[in-house]
Structures are given as structure tokens and as C-alpha cells.
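> Need coordinates for the below:
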Amino acid sequence: MKTISKAIIFTVISVSILFSQQLISSRHEFIGYNIGNSNPFYPQVNEVPDGQSGVTALAVGQDGNVYGGTSATNGKSCYLITYKTKSNLVAEFYELDKTIKGQPKIGRALVSGQDGFIYGGTSIYSDTLFVFADSTRNKSYVGGHLFRFKEGKLSSVEDLGVVLPAEGIRVLASDPKRERLYGLTEPGYRFFIYDIKTKKLTVRQDVDLTMEKENCYNQILLVRKGLALAIDKKGCVWGSAYKNKLFRYNPEGDKLEVTSFVMPASYGHTDRDGLGALIASPDGLLYGGTQADGVLFR
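Predicted structure coming up:
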């Protein structure tokens, strides 16, 4: 794996202003909306309450519409939203607390199942990365829920259950071919598999992806927990583990392992970086970016 040396220019779209009834920009580059109700001049707009409107998850449905999930900063419920691309309109809001109580966050955990449903996961934890699980885990938390809803009907939310007690759902990835969801929990960083057809949940606790117990005496060695998963052309799932290594799950042999592939990093972060983003391209390569130094690699 080689570090990409050439500069890469990104077209950045600010997702925090992508949805709303209130138009705040109409430049040709993008159209931005505000779903929060912090503007007193638009009381007629059906907005998400202030403090609960941060858009932290997006998924494109089979119907062509964009579905979003929010995270609350005030401890209250997160929301689901629907943006209709053809009419350029935020058409629906739904407070998740109406179906699943006590869940303030939908993070990087909203995906299309390619079966007419959107799947998601909840959490109470922030994206703080450089922490020990045992010192941050809220033992009174029931745990992050998997859920789904029919495209075009947010109120059809169905609770699919808790993955692990006291653990939130950090990230999700969807494999439509195998009808599976893959995910990571937080703060414990456990890999799990959910079979959509059989509704079977498997949490893989046999492979340690963080080595926290071995490294707890020295915080410098603590792994940054990844924020991304990617599925390659063969159906293998990739993510980041300890010491800048990538882990791989092969569904053919049901094998989860920490590989010898090491993400590039600058001096001082060679054993403690984590994935910020990861995608699988049609050419068979994985493209990723790290959190600490912002290194792009393939």
C-alpha cells in the first residue's frame, strides 16, 4: 500500500446545511437548507428542535431520495429526515424517541439495504477516539439499537434489537448481495454481523481489534478507533485495528483477522492512528484516509 503523494482536490458539500424547508443559499454549486429552529423569522417551518438537528448520517434509498439521521447535543432524541431530490424538499421528519427511547445519536450508521428499507444504528457516545473503553462505557445504557424503516415512510420504524448492552453502534456497512449488515460498536469496538433475512445477530468477540488490555499501562500505545468500514468486490469487510493495521472479515470462511496491511502515518503516529474514511472502488482498490495526520492512501 502506497501513500498518495499528489494533491487531491475534493469537492466538499456541507452536510450540516443540506436539509431544510428554509432556503439559505441558491448558488449553482449547492442548495443549502437549515432544519434547525434557531431562526425566529421562520416559525411556520416544521423544523427539528434546536440541539437535535445536527445531520450526522446520510443514505440514498432505492427510490432516489436521501434519508438522514441527526445527533442531539442536549441528550434528547435524534431525528430521521427525508429529502425528496426531485421536488427539492424536506418532506418528512420523525423523532426516533417515538419508537425507540433514549437514543440521542445516529452517527455513521445509516445505510440502504437495497430491499426497500433503510437500516440504522443508535448510540449515546460522542466520536471521541483516544479513550479507553472501560473508563468511558456507560454501564446503565441499555445499548445501541439496530432499526429499519420503509423508504418513504419514516414512521414505519421497526426496532431490530440491541447489539451489545452498554455499547453504541459506531458505524454500519451494507452488503446487499449477501443481505447483511456489518458494524462496529463503541466504545468497545466490537465487530458484528446482522443477517437481514434470518434476523440473526453475531458479535465477534474472539478477535481483539484494539489491544486495550495490553496497552492500558501506556496511553501512547492506545489505538484510535476507526470511523469507517468498506466492502470490497469479493465481499470482504475492511476496517482499522491496532498499530495502524487493517482488519478484514471474509464471509466465505467466516474469518475475522488483523492483517499485515499497515496504514501510512507520520512519525509519532505509526502505531496509533485510525481510519477516518474508507471506500472500495470498482478497480478493486481500497482508498482511505487517516484521522491523526490526514494521510490519504490506497
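
> Tell me where the stretch 1-150 of the chain is predicted with low confidence.
1-46, 128-135 (pLDDT under 70).

> how about the helices of it, start to end?
Taking DSSP state H, counting those that start in this stretch as the test, the helices found in the stretch 1-150 of the chain are 133-136.

> Quick check: chain neighbours aside, which residue is closest to the residue positioned nearest the centre of the chain?
In the chain, the centroid-proximal residue (Cα atoms, centre = their mean) is residue 108; its distance is 1.5 Å. Once flanking residues are discounted, residue 108 sits nearest to residue 171: 4.4 Å by Cβ to Cβ, 6 or more residues apart in numbering. In this view, the C-beta of every residue, glycine as well, is placed from N, C-alpha and C.

> ok so, going back, unless I'm mixing things up, the residue nearest to the centre of the chain is touching residue 173, no?
No - Residue 108 lies out of contact with residue 173 (Cβ atoms under 8 Å); the separation is 9.5 Å.

> next one: the helix or strand hosting the residue nearest to residue 108 to chain centre, how far?
According to DSSP states H and E, residue 171 maps onto strand 168-175. A distance of 6 Å separates the centroid of the chain from that of strand 168-175, by Cα atoms, centre = their mean, to the nearest Å.

> Now the helix or strand following it: average pLDDT?
Sequence-wise, the next helix or strand downstream of strand 168-175 (DSSP H and E) is strand 180-186. The pLDDT scores in strand 180-186 average 96.

> for strand 180-186, packing partners?
Contacts defined by 3 or more Cβ pairs under 8 Å, 6 or more residues apart in numbering; DSSP states H and E place strand 180-186 against strand 168-175, strand 191-195.

> and the longest one with strand 180-186, angle?
Interaxial angle, strand 168-175 versus strand 180-186 (axes from the mean of the first three to the mean of the last three Cα atoms, to 10 degrees): 160 degrees.

> go on, the shortest one?
Relative orientation of strand 191-195 versus strand 180-186 (the same axes, to 10 degrees): 150 degrees.

> can you tell me how far residue 235 sits from residue 80?
29 Å (Cβ to Cβ, to the nearest Å).

> The two: who's more crowded?
residue 80 (25 against 14; other Cβ atoms under 10 Å).

> which residues in the stretch 151-298 of the chain form strands?
153-162, 168-175, 180-186, 191-195, 200-204, 230-231, 237-240, 245-250, 255-262, 275-280, 286-290, 296-297 (DSSP state E, counting those that start in this stretch).

> close enough to count as contact, residue 246 and residue 263?
Yes - in terms of Cβ under 8 Å, residue 246 counts as a neighbour of residue 263; the distance is 6.8 Å.

> shared neighbours of those two, anything?
Here residue 246 and residue 263 have residue 240 as joint contacts, going by Cβ atoms under 8 Å, 6 or more residues apart in numbering.

> mind giving me JSON lines with the strands of the stretch 151-298 of the chain and columns for mean neighbour count and distance to residue 75?
What follows is these, written out as JSON lines (neighbours: other Cβ atoms under 10 Å; distance: least, Cβ to Cβ, whole Å):
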{"stretch": "strand 153-162", "mean neighbour count": "15", "distance to residue 75": "19"}
{"stretch": "strand 168-175", "mean neighbour count": "25", "distance to residue 75": "14"}
{"stretch": "strand 180-186", "mean neighbour count": "26", "distance to residue 75": "17"}
{"stretch": "strand 191-195", "mean neighbour count": "20", "distance to residue 75": "26"}
{"stretch": "strand 200-204", "mean neighbour count": "14", "distance to residue 75": "27"}
{"stretch": "strand 230-231", "mean neighbour count": "22", "distance to residue 75": "32"}
{"stretch": "strand 237-240", "mean neighbour count": "25", "distance to residue 75": "29"}
{"stretch": "strand 245-250", "mean neighbour count": "19", "distance to residue 75": "33"}
{"stretch": "strand 255-262", "mean neighbour count": "13", "distance to residue 75": "34"}
{"stretch": "strand 275-280", "mean neighbour count": "19", "distance to residue 75": "26"}
{"stretch": "strand 286-290", "mean neighbour count": "20", "distance to residue 75": "31"}
{"stretch": "strand 296-297", "mean neighbour count": "18", "distance to residue 75": "36"}
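
> who wins for proximity to residue 112 among these?
strand 168-175 (6.2 Å; Cβ to Cβ).

> how big is the angle separating that closest one from strand 275-280?
Using the same axes, to 10 degrees: strand 168-175 against strand 275-280 is 10 degrees.

> just use 55 as the starting number from now, easier for me
In the new numbering, first residue 55, that becomes strand 222-229.

> before we move on, the earlier item: quick check: the residue nearest to the centre of the chain vs residue 237, distance?
Computed as Cβ to Cβ, the residue 162 to residue 237 distance reads 10 Å.
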